[in-house]
Structure formats: C-alpha cells, structure tokens
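[1] dropping the sequence and predicted coords here.
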Amino acid sequence: MSDISSLCNVKHILLILSGKGGVGKSSVTTQTALSLVSKGFKVGVLDIDLTGPSLPRMFGLEGRQVHQSSAGWVPVYTDSTKQLCVMSLGFLLQDRGDAVVWRGPKKTAMVRQFIKDVVWGDLDYLLIDTPPGTSDEHISIAEELKLARPDGAILVTTPQGVATADVRKELNFCHKVGFKVLGVVENMSGFVCPHCDECTNIFSTGGGEGLAAQFNVPFLGRVPIDPSFVLLIEQQQSSEKNLVENYQSSKLAKIFGDMIQQLLD
Ligand code: ADP
C-alpha cells in the first residue's frame, strides 16, 4: 500500500470505468473534469490507462512535459488559472506512438508512483481514468487507494447489449474492492441532427438505464453522439481561448453540467 500523503489535500476521488474500449470513457472523464472546473472546482485528472494514454490529447496538452520538483512530479496544468491539471504516462513517453509493453509488476509500480510521487496539491476532485475492463492497473489502484477512501466510480457504457454485458463485470469488480458505484453514463446514445434536432438511435437505446435499474445504482444520463466534441479536441491545440471557455460554449456542456450536478446534490 502506498504512502498517500500526496492526496491529503484532495477532497474527493472518483474513478471512471468502462467494460470495453472505445465507449467514450476518456471523453466522459474529460467532460466531467471540464464541467467541474466550469462549476468553480479545482480538478486533477490522473490517467492510469498505461497502454493507451489518451488524456494529453483530449485536453489539448500533447507534447507538454511533466516537471520534476523536489516534492515530486508536477502535473501539467491546462492554463495559468491552475484550476485543472493532468498527469499521464503520455507526458513521460518520448513519442506519442511509443508502445508500452509492460508486465504487471511494472504497471503496479507506475500506478503507485502516480499516487505517491505526484504533487497534487489542493484539489476539490481527483478523477482517475482507468483502462477498459479489469486489468492490473485496476487491481493496483484499488490497493493503492485503500487508505484514501475514494468516493466511488462512474461507469461508462454505450447503449448496446454487448457493451452493457461488459459493464456487469465492472459492477462486480466495484463490489469486490468496495468502490461505491456513483452512477452509470450511457454515452453515444443517439445522434441529434444538427439541422432538425431529431434524435436517431444509431445503436439501440436504454441499455445503460436498464443496467442501472437492474443493479440498483443511479443512472446519470445519456450523452448523444456529438461531432462538436471531437472538433473541440481537434481544434484546441490551435485555439487562443482556453479549453474550459471553448467547452462552455459547446452543446455537451449543458448535458454534462446537469449530469454532474446530480453527483454533487
Ligand atoms: P475510451 O476511453 O472508452 O476508449 P474515448 O473516450 O477515447 O473512448 O472515445 C473513443 C472515440 O469516440 C474518440 O475519438 C472520442 O472523441 C469519440 N467519442 C466519445 N464519445 C463521443 C460522443 N458522445 N460524441 C462524439 N464522439 C465521441
């Protein structure tokens, strides 16, 4: 178990989990962080998806570096207001395309270092983006966070049955390690036509809500497929405004803001 003194001024710790890859877990992590910052909170994001760290890109921070101070690794801040910082293995790799092929013990050591050696400072929320499924990183983080008592986990799924079936495993995992399930988010839930506002359910619908009801956990809501979120990320590197300002003017900000409010109430 780690020394968790680096987390002593962190008020809340939330984990973001998904049963499989590509369902939008990192996007949900990013939007949760941006929504919390928009509500005035100070937020840190830790990316423990060691084989596919995508958060530097999602936050428009690719190419930035983590600095080593006498107190430990200083996470990368998105701007000078210092409301939002990110720590990811992606900042430590020489090249974005570098493959991380590590055995379990090395992954465990890295997760431990992320908990012990990062100067998180005062944070209202620390969000932890995990790899899909239940892997070495999940087992390590559950072990490392025992003393820090995380608030719980947000589970992300798409509406189809095949994705929700995988989320059941995450629910069981949470149960086993004692993480409270804060709620289920159904991502990519329909496409809202930008011209007529009609919603087309490209995949089936309601899988996330059904699963939440079945396991008696809160359903936080549906997030539609919105190309503007992808554009926001793509254009951020060249934008003069900061990411939070750009996000606040996007459609998803309202949907996410309401969803996050449920967690705060
Ligand atoms: P995961 O972390 O589960 O692997 P990502 O968050 O990386 O998934 O999302 C996979 C891809 O889908 C990314 O390109 C992301 O921008 C896109 N995406 C995720 N959610 C949405 C959404 N609601 N609307 C549009 N694109 C989305």
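    In hand now; what should we look at?
[2] next one: the longest strand along the chain to chain centre, how far?
    Ranked by residue count under DSSP state E, the longest strand found in the chain is strand 181-192. Computed by CA atoms, centre = their mean, to the nearest Å, the chain-centroid distance of strand 181-192 equals 14 Å.
[3] off-centre distance for the helix or strand just after that strand?
    Of the helices and strands lying after strand 181-192 in sequence (DSSP states H and E), the nearest is strand 199-200. Computed by CA atoms, centre = their mean, the chain-centroid distance of strand 199-200 equals 26 Å.
[4] got it, and stretch 170-180?
    17 Å.
[5] touching the ligand at all, that stretch?
    No: judged by CB under 6 Å from any ligand atom, stretch 170-180 stays clear of the ligand, getting no closer than 12.0 Å. Any C-beta I mention is one placed from the backbone N, CA and C, and that applies to glycine too.
[6] swap in stretch 46-59?
    Yes: Stretch 46-59 lies within reach of the ligand by CB under 6 Å from any ligand atom, at Ser54.
[7] got the end-to-end distance for that stretch?
    12 Å (CA to CA, to the nearest Å).
[8] helix/strand/coil for the residue nearest the centre of the chain?
    Nearest to the geometric centre of the chain sits Thr29, at 2.5 Å (CA atoms, centre = their mean). The local conformation at Thr29, judged by DSSP: H, G, I helix; E, B strand; the rest coil, is helix.
[9] wait, Glu144 sits on Arg112?
    Yes: counting by CB atoms under 8 Å, Glu144 does reach Arg112; the two are 5.7 Å apart.
[10] neighbour-wise, which of the two wins?
    The residue with more neighbours, out of Glu144 and Arg112, is Glu144; 22 against 17, by other CB atoms under 10 Å.
[11] show me where the stretch 151-265 of the chain has strands.
    With DSSP state E, counting those that start in this stretch as the criterion, the stretch 151-265 of the chain has strands at 152-157, 181-192, 199-200, 219-225.
[12] indicate which one of those strands is closest to Glu245.
    strand 219-225 (20.8 Å; CB to CB).
[13] what's the end-to-end length of stretch 142-155?
    The first and last residues of stretch 142-155 sit 15 Å apart, counting by CA to CA.
[14] in it, which residues are buried?
    Neighbour counts over stretch 142-155 (16 or more other CB atoms under 10 Å) mark 142, 144-145, 148, 150-155 as buried.
[15] and Ala165, how many neighbours?
    14.
[16] which one is it nearest to, not counting chain neighbours?
    Distances taken as CB to CB, 6 or more residues apart in numbering put Gly19 closest to Ala165, at 7.4 Å, once the chain neighbours are dropped.
[17] pull the longest helix from this structure.
    Longest helix in the chain, counting residues (DSSP state H): helix 161-177.
[18] which residues sit in contact with Glu209?
    By CB atoms under 8 Å, 6 or more residues apart in numbering, the contact set of Glu209 is 184, 186, 219, 222.
[19] what residue of the protein is the furthest out?
    No residue in the chain sits farther from the centre than Cys196, which is 31.3 Å out by CA atoms, centre = their mean.
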